[in-house]
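Colleague: okay, predicted coordinates and the sequence, questions at the end:
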Amino acid sequence: MSTDPTSGLSTATTALTSASDRIRVVLVGTQHPGNIGSAARAMKTMGLSRLVLVAPERAPDADSYALAAGADDVLAAAAIHPTLAEAIADCRVVLGCTARSRRIALEELEPREAGVRAVRDAQGGGEIALVFGRERTGLSNDEYELCHAAVHIPANPDYSSLNLAMAVQVLSYEIRMAALATAPAAVGEGERPEPPASHAEMESFFAQLAETLDAIDFHKGRAPESAMRKLRRLFLRAQPDAREVRILRGVLADAQRMARLAGERGA
Ligand code: SAH
């Protein structure tokens, strides 16, 4: 890939990677090693790579690696800490994910808001943690006290507890969506978009369109203003670029030529 700073592709990729590199997923007291592997996979599919384990009941094992599929690198690089406090010591934003809404006295965010906040703060240079609890009991009250806000996936209120790795997937997806929305559009070399046509180019096109509609007797005695107003609205909404306007004008020129020929034959 090109490292040319003017290349849209590398700029977009760099912006995505640098925000994602400052966002860590912290799994607290995980009971099933398989879930750790599935979480690593969920993260990697969404471009996240920083997995942190706090006192897992069992260290990552063969089950973890089997479920990580191609995300062995994320799993192998996972840091392990004895307490949540140590895992998040350098974090500016700590979001605790909870299966039970409004159980704790913390501001509660929806996953979408959490993704936007995490990416915005990561782009501002902060370290961000998304914290997930134990399969059976979630996070303890002491652990929630270390969090700045809670995140609840608005699931079925009668059955709101997702599998741990699936909760990681939902939050990782929201982070990716937020990061993609703020990254410059990913365009490859040679396909950089042209800017929309200028006002003057559009007005010349509209003038030619009006002449052409007359030449092909489109209005048939009706006042031309109403059709022209609707057509203007249509083309202005489409925001064609200069190249597209040239193609449209080529079509009009041919229609005008054919109308002239038909007129000469009929004369
Ligand atoms: N029985 C536990 C649920 C544990 S599920 C409880 O009631 O708290 C394991 C972890 O997955 C949770 O601690 C939480 O971090 C995450 N999780 C599961 N469902 C979630 C949801 N609906 N919203 C946000 N996080 C969720």
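Modeller: Noted; the coordinates are in hand. In this text, all values refer to a predicted model and were calculated from it rather than measured experimentally. Numbers count the residues shown, from 1 in each chain.

Colleague: does the residue nearest the centre of the chain sit in a helix or strand, and which one?
Modeller: Nearest to the geometric centre of the chain sits M177, at 2.2 Å (Cα atoms, centre = their mean). Assigned by DSSP states H and E, M177 belongs to helix 164-182.

Colleague: buried set for that helix?
Modeller: The neighbour-count check on helix 164-182 (16 or more other Cβ atoms under 10 Å) flags 164-165, 167-176, 178-179 as buried. In this view, the C-beta of every residue, glycine as well, is placed from N, C-alpha and C.

Colleague: list the buried ones in the very next helix or strand once past it?
Modeller: Later in the chain than helix 164-182, the nearest helix or strand by DSSP H and E is helix 199-215. Within helix 199-215, the residues that qualify as buried are E201, M202, F205, Q208, L209, A210, T212, L213, A215, counting by 16+ other Cβ under 10 Å.

Colleague: redo those as JSON lines? Include distance to the ligand and pLDDT.
Modeller: Listed next are the buried residues of helix 199-215 as JSON lines, based on distance: Cβ to the nearest ligand atom, whole Å; pLDDT from 0 to 100:
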{"residue": "E201", "distance to the ligand": "51", "pLDDT": "87"}
{"residue": "M202", "distance to the ligand": "49", "pLDDT": "86"}
{"residue": "F205", "distance to the ligand": "52", "pLDDT": "90"}
{"residue": "Q208", "distance to the ligand": "57", "pLDDT": "93"}
{"residue": "L209", "distance to the ligand": "54", "pLDDT": "94"}
{"residue": "A210", "distance to the ligand": "58", "pLDDT": "93"}
{"residue": "T212", "distance to the ligand": "59", "pLDDT": "95"}
{"residue": "L213", "distance to the ligand": "58", "pLDDT": "93"}
{"residue": "A215", "distance to the ligand": "64", "pLDDT": "92"}
